[in-house]
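Colleague: sequence plus the predicted model coming up.
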Amino acid sequence: KAYKAAFGSKNPTNSYFYTLKGSKKTVLLVWVYPDRLLKKDLYDFRLKKVLALPTDKVESVQFVKGLSSIVLQKVKEHDWKIISPIKAKGDRYAIEEFISSATDEKVIRFLDNPPKESNIFGWEHPRMKIKLSWKPNPPEKNEKVQNKAATPKEKTATILVGKDRDDTHVYVKGAGNPTIMIVKKGYLKNLDKKLFNFRNKNVWNYEISDVKRVRYENPE
């Protein structure tokens, strides 16, 4: 079924809208709240994340900034390791926060038909490049897979960070997607990480939940 309402002008007291419900000829007076609906545009209905991807889905990250390239790999749930440029245990909180910062940032404006001159935005030599990989959800039990070989084993998405748009905003886009996103410049600060930030900084590598006994000695 489809339900329609046509909002007309406000009444003389500006308290109600003249409203036509469906195809009926009866005109209703509706309280002024539809005024908010009439001010909506395409941006209001769009998903405003840089990338619609839950953090827990990501299994590997490649972060390129200038000549620096860092590769991170999930070993198991919330357990990460650094693959390159060294092999070391990763800091799960720092890595997962980095992924959230890269994907969840709010887009201020979308450019769906940007100029073809890509050098304006800096995609040839992006300021940062973040490649995320994850495995798609397995098919449901009642869902038939016609061609198992055609089922993708892994999905990837790449976020490119380009030039500054102005003093407070920067250009961002997804590789292969013509739409350009404009986000606040604080996005750069959240992603400005080095290898040290991703490393596990604990003196001993153990999980607190694994501890069975603690012995404390006081020299006095």
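Modeller: That came through, no problem.
Colleague: going forward, measure contacts between C-alpha atoms and count neighbours the same way
Modeller: OK.
Colleague: so for the helix of greatest length in the chain, what gets flagged as buried?
Modeller: Assignment by DSSP state H gives helix 92-104 as the longest helix of the chain. For helix 92-104, a neighbour-count test (16 or more other Cα atoms under 10 Å) marks Arg92, Ile95, Glu96, Phe98, Ile99, Ser100, Ser101, Ala102, Thr103, Asp104 as buried.
Colleague: how about stretch 125-144?
Modeller: Residues of stretch 125-144 classed as buried: Pro126, Arg127, Met128, Lys129, Ile130, Lys131, Leu132, Ser133, Trp134 (neighbour count, 16+ other Cα under 10 Å).
Colleague: need the buried residues of helix 92-104 in TSV with pLDDT, can you?
Modeller: Shown next, in TSV, are the buried residues of helix 92-104 (pLDDT from 0 to 100):
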residue	pLDDT
Arg92	93
Ile95	96
Glu96	95
Phe98	97
Ile99	96
Ser100	96
Ser101	96
Ala102	96
Thr103	96
Asp104	95
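Colleague: which residue packs closest to the residue most central in space within the chain, ignoring adjacent ones?
Modeller: A centroid search over the chain (Cα atoms, centre = their mean) returns Thr103, at 2.2 Å, as the residue closest to the centre. Setting aside the residues directly before and after it, Thr103 is nearest to Leu51 in space (Cα to Cα, 6 or more residues apart in numbering), at 4.7 Å.
Colleague: tally of neighbours for the one you found?
Modeller: 19 (other Cα atoms under 10 Å).
Colleague: please apply the same query to Tyr43.
Modeller: The burial count for Tyr43: 12, using other Cα under 10 Å.
Colleague: assign it to helix, strand or coil.
Modeller: Under DSSP: H, G, I helix; E, B strand; the rest coil, Tyr43 falls in the helix class.
Colleague: ditto for Lys129
Modeller: strand.
Colleague: what pLDDT is listed against it?
Modeller: pLDDT recorded at Lys129 is 97.
Colleague: next: Thr55.
Modeller: Thr55 is given a pLDDT of 83.
Colleague: ok, so of the buried residues of helix 92-104, who is nearest Arg165?
Modeller: The closest of the buried residues of helix 92-104 to Arg165 turns out to be Ala102 (Cα to Cα; 18.1 Å).
Colleague: hmm, that closest one is touching Val50, no?
Modeller: Yes: under the criterion of Cα atoms under 8 Å, Ala102 makes contact with Val50 at 7.3 Å.
Colleague: how about the nearest residue to Lys21 once chain neighbours are set aside, phi and psi?
Modeller: Of all residues not flanking Lys21 in the chain, Ala5 sits nearest, at 4.6 Å (Cα to Cα, 6+ apart). Phi and psi for Ala5, reported as degrees, to the nearest 10, are phi -140, psi 130.
Colleague: now for Ala5: which residues touch it?
Modeller: Taking Cα atoms under 8 Å, 6 or more residues apart in numbering, we find Ala5 in contact with Thr19, Leu20, Lys21, Gly22.
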